[in-house]
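Q: Give me the fold of what follows.
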Amino acid sequence: MSEEWTPTRISILIALWNEGLTTSVIGDRLGVTKNAVVGKVHRLGLPKRGSPIRQKPKPAKVISLEALRPGMCSWPDGEPGMEDFRFCGDPVEQDKPYCAHHCERAYVKNVKDKRTAAA
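A: This is a model prediction of the structure:
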């Protein structure tokens, strides 16, 4: 399975890579192993693609009110009084009670005030 990487084969590799085919399929079409394809793609500096293997979602960490400490995001998640109610718990933004993600949701600029000031 030791095939030479000719300019024609390289252009085919690039075309198949850009189509989004897997390294195994590209290898089968070119008569090389998938590892040969991976190596050549790397040496050519072609853009990386995400893994087709889907990661299992991480289980949500349960941060109860008792476990909430200074420096932890206090954004509530769920219905108070229910068993799955918790707080975010991620590190907070400086001088804010929430993490960066929840600050984006909590602190929304009023676009209407900007329009009035501009007029």
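Q: Give the helix, strand or coil label for the residue nearest the centre of the chain.
A: Geometric centre of the chain, nearest residue: G50, 9.2 Å, by Cα atoms, centre = their mean. Under the three-state scheme (DSSP: H, G, I helix; E, B strand; the rest coil), G50 adopts coil.
Q: What are the phi and psi values at it?
A: phi -70, psi 160 (degrees, to the nearest 10).
Q: I'd like the distance between it and W75.
A: 28 Å (Cβ to Cβ, to the nearest Å). (C-beta placed from N, C-alpha, C; glycine too.)
Q: In this structure C88 contacts A100, no?
A: No: C88 is not in contact with A100 according to Cβ atoms under 8 Å; the separation is 10.8 Å.
Q: The two: which has the busier surroundings?
A: It is C88, of C88 and A100, that has more neighbours when counted by other Cβ atoms under 10 Å, with 20 against 12.
Q: Let me see the contact set for the more buried one.
A: 63, 72-75, 77, 98-99, 101-102 (Cβ atoms under 8 Å, 6 or more residues apart in numbering).
Q: Check the spacing between it and G81 real quick.
A: 18 Å.
Q: Buried residues, the lengthiest helix in the chain. List them.
A: Taking DSSP state H as the criterion, the chain has its longest helix at helix 7-19. Across helix 7-19, burial judged by 16 or more other Cβ atoms under 10 Å covers 13, 16-17.
Q: Out of those, which comes closest to Q94?
A: Closest to Q94 out of the buried residues of helix 7-19 is W17 (43.2 Å), distances taken as Cβ to Cβ.
Q: quick check, nearest of the contacts of C88 to T22?
A: Scanning the contacts of C88 for proximity to T22, where the rule is Cβ to Cβ, the winner is H101, at 32.9 Å.
Q: Which pLDDT does the model give the closest one?
A: Reported pLDDT at H101 in the predicted model: 91.
Q: For the remainder of this discussion, apply numbering that starts at 14.
A: Okay, residue one is now 14; in that scheme the one you just asked about reads as H114.
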